[in-house]
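**Student:** This is the structure alone, sequence omitted:
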């Protein structure tokens with residue numbers, strides 16, 4: 001049995017039998033000290049703590065090694081002197097001690113803890129059929145990767161073209177020449193491997209927080225999918241090593257900043273490739289965060305040794321922009337559906353009317369998103385299938401029309417839906433597009449330098465996506481303000497009893513306002529900017545990396561703002577009891593109350609917002625109402641158009657009175673003047689409650 005032990009910046013292999021954890025730590029320190037120069041050994045080192053590298057679990061010194069560790073497991077020993085030294089950076093929470101290596105230590109300090117799910121299913125990639133949903137699931141660890149037979153054949157054919165170029169000493173950019181400004185420098189054949197590896201090392205120049213392992217999995221799987229198209233010239237052997245690394249979840253440390261989104265996402269993809277070379281740091285379920293060469297070894301893998309063009313093939317492409325964009329699209333689609341549910345709940349507790357969602361109104365404007373949102377509102381609010389006591393209680397109020405934030409939801413939420421669909425189509429195309437340079441056209445035996453690596457398409461789409469989805473927060477925050485304000489809502493100020501003693505949702509609304517305002521800055525499109533790089537060779541770039549990152553930040557804020565509105569709307573419901581809303585909205589109320597109790601007095605608010613945000617992020621709110629919407633759509637053939645002061649019909653009053661004189665029962669709203677009713681005079685009156693035929697919904 002052997003254990004891999006890290007002491008500061010050194011990894012040691014320690015063979016063990018039945019010794020204790022204490023012995024293991026002391027033996028590791030003895031071996032570490034023996035490797036140090038005499039000038040570095042001032043006094044005996046003492047062990048402070050011994051942890052598992054993978055999950056940071058602290059080991060008890062007296063436990064038998066065989067009872068708490070498995071063969072080839074990774075542990076970290078923290079020394080007492082590490083805690084006292086100003087030159088040694090120690091991250092006690094993760095168990096890393098990095099002597100004299102600030103880059104390494106800062107990398108590990110920002111490396112997130114990972115909850116790993118071992119995949120049981122395989123997803124076959126062919127370079128042509130990957131979806132945003134599948135990519136997000138690959139990131140979450142749901143699938144292993146396999147490549148189709150057609151993909152392997154295409155990869156082999158393209159590689160044969162590259163090998164022929166090298167064998168015949170032809171001059172081709174990136175294969176036998178330098179890169180960018182150095183495209184005219186021809187490289188000697190015996191240095192072509194060094195050329196490719198130098199490319200990776202020099203281009204791994206990113207900064208900032210690392211991508212989470214989930215997002216790194218997305219990045220790696222997307223790069224594999226693009227290479228599988230067979231236009232990059234990578235060898236089947238190298239591609240297989242990438243697949244093996246993905247399936248073992250050997251994931252390099254990839255900082256999120258540094259790409260300008262042209263010539264591909266060079267910096268982040270170089271960090272991804274660097275780990276595959278066995279350099280830098282890497283994470284895997286078996287080893288946790290550690291030196292890349294040890295992580296690969298722990299998983300039975302060997303570092304890449306790059307052939308001609310392979311370094312370029314690994315880093316040319318828009319995969320960072322596109323993989324982050326795929327996550328943004330999926331999250332935007334989820335929150336947009338649920339925004340309709342939250343808004344419907346707010347409209348209900350603010351005693352709005354559903355007449356603004358009449359299908360004929362939206363059919364004459366025809367925008368697909370608007371029609372879809374209006375249909376959801378009709379399914380969720382009082383109708384033939386699901387009755388609302390709250391709606392019945394104010395049917396004959398004197399309010400003529402609702403505020404824009406209530407009645408214009410289909411128009412505002414609708415364009416967000418259509419914007420998301422536009423961005424989704426662009427990202428879906430990019431997921432399955434060859435974005436390398438130069439491109440290998442195996443069928444023609446030709447390699448051509450072009451510009452498919454330019455990130456303008458996904459950059460523009462993601463800027464547009466951020467602007468579109470932000471509007472859900474913009475309108476949500478205004479609805480929350482109406483819920484807070486007793487002048488608008490008729491409810492207690494800030495939705496709490498004993499106002500003054502209690503502040504209720506006062507500052508929760510401020511948080512929503514803050515996030516909404518921050519989004520307005522983030523929605524400035526980064527893709528309108530460009531800076532010349534690579535000594536003028538790359539003189540127009542997309543800045544798409546920031547488009548992708550800020551689109552994720554915007555949708556995160558939208559989720560949080562809508563979570564606050566959801567909490568506020570459910571709290572408003574408490575003041576309308578014992579009246580009940582429709583069955584789907586009552587189900588949403590119960591879902592929220594399972595996680596967040598009603599507010600009787602002030603309490604710690606932040607955990608409630610976190611819990612509500614989690615419900616939205618996991619799509620629980622949508623999953624709760626989806627069966628009700630399906631039931632409504634399957635049962636309703638006639639659209640319910642209830643009497644409402646927001647809709648009027650000329651001549652309808654005479655028809656109603658004639659019906660009454662013939663002995664047919666009818667309801668005369670109390671708002672109709674008695675004298676006019678008695679005389680039978682022609683007046684303007686509310687539309688009757690009888691249903692009319694529902695027109696076909698636009699698809």
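**Tutor:** Nice, thanks for sending it over. In this text, all values refer to a predicted model and were calculated from it rather than measured experimentally.
**Student:** Could you list the low-pLDDT ranges of the stretch 101-250 of the chain?
**Tutor:** By pLDDT under 70, the low-scoring segments of the stretch 101-250 of the chain are 101-117.
**Student:** let's see 80
**Tutor:** Under the criterion pLDDT under 80, the flagged ranges of the stretch 101-250 of the chain are 101-120, 174, 179-181, 183-184.
**Student:** Do a quick rundown of the helices in it.
**Tutor:** With DSSP state H, counting those that start in this stretch as the definition, the stretch 101-250 of the chain shows helices at residue ranges 102-110, 132-139, 149-167, 192-203, 213-227, 236-247.
**Student:** Check those for me and report the most buried one.
**Tutor:** Ranked by mean neighbour count under mean count of other CB atoms under 10 Å, the helices of the stretch 101-250 of the chain are led by helix 213-227, which reaches a mean of 25. Where you see a C-beta, it was placed from the backbone N, CA and C, and this is true even at glycine.
**Student:** closest one to residue 404 among the helices of the stretch 101-250 of the chain?
**Tutor:** helix 132-139 (32.2 Å; CB to CB).
**Student:** nearest to residue 76, of the helices of the stretch 101-250 of the chain?
**Tutor:** Counting by CB to CB, residue 76 lies closest to helix 102-110 out of these; the figure is 10.3 Å.
**Student:** where's the closest residue in space to residue 187 that isn't next to it in sequence relative to residue 201, distance?
**Tutor:** Distance criterion CB to CB, 6 or more residues apart in numbering; nearest residue to residue 187, sequence neighbours excluded, is residue 195 at 5.0 Å. Between residue 195 and residue 201 the distance is 11 Å, computed by CB to CB, to the nearest Å.
**Student:** about what we covered before: these two touch, right, the residue nearest to residue 187 and residue 311?
**Tutor:** Yes: in this structure, residue 195 is within contact of residue 311 by CB atoms under 8 Å, at 7.4 Å.
**Student:** Just give me the residue right at the centre of the protein.
**Tutor:** residue 327 (4.0 Å; CA atoms, centre = their mean).
**Student:** Can you tell me the SS state at residue 576?
**Tutor:** Three-state assignment for residue 576 (DSSP: H, G, I helix; E, B strand; the rest coil): coil.
**Student:** tell me the contacts of the nearest residue to it once chain neighbours are set aside?
**Tutor:** Taking CB to CB, 6+ apart as the measure, residue 576 lies nearest to residue 390, with 5.8 Å between them; neighbours along the chain are not counted. The contact partners of residue 390, by CB atoms under 8 Å, 6 or more residues apart in numbering, come to 348, 349, 351, 576, 579, 580, 581.
**Student:** Kindly write the PyMOL command that selects the buried subset of the residues you listed.
**Tutor:** Those of the contacts of residue 390 that meet the burial criterion (16 or more other CB atoms under 10 Å) are gathered into one PyMOL selection, given here:
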select buried, resi 348+349+351+576+581
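**Student:** State the pair within the contacts of residue 390 that is farthest apart.
**Tutor:** Checking the contacts of residue 390 against each other with CB to CB, the farthest-apart pair comes out as 351 and 580, at 14.0 Å.
**Student:** how near is residue 420 to residue 373?
**Tutor:** 12 Å.
**Student:** Domain parsing of the chain, as residue ranges.
**Tutor:** 2-84, 121-316, 327-430+454-526+541-635 (the TED database).
**Student:** What is the neighbour count of residue 302?
**Tutor:** Residues near residue 302, counting by other CB atoms under 10 Å, number 11.
**Student:** And it, how far from residue 147?
**Tutor:** Remark: distance between residue 302 and residue 147 (CB to CB) = 19 Å.
**Student:** repeat for residue 524
**Tutor:** Counting by CB to CB, the gap between residue 524 and residue 147 amounts to 40 Å.
**Student:** Looking only at neighbour counts, state which of these two leads.
**Tutor:** Each of residue 524 and residue 147 has its neighbours counted (other CB under 10 Å); residue 147 has more, 21 against 12.
**Student:** show me the contacts for that one.
**Tutor:** With contacts defined as CB under 8 Å, 6+ apart, residue 147 is in contact with 124, 125, 126, 155, 224, 228, 239, 243.
**Student:** close enough to count as contact, the fourth one and residue 237?
**Tutor:** Which is residue 155. No: here residue 155 lies out of contact with residue 237, judged by CB under 8 Å, at a distance of 10.1 Å.
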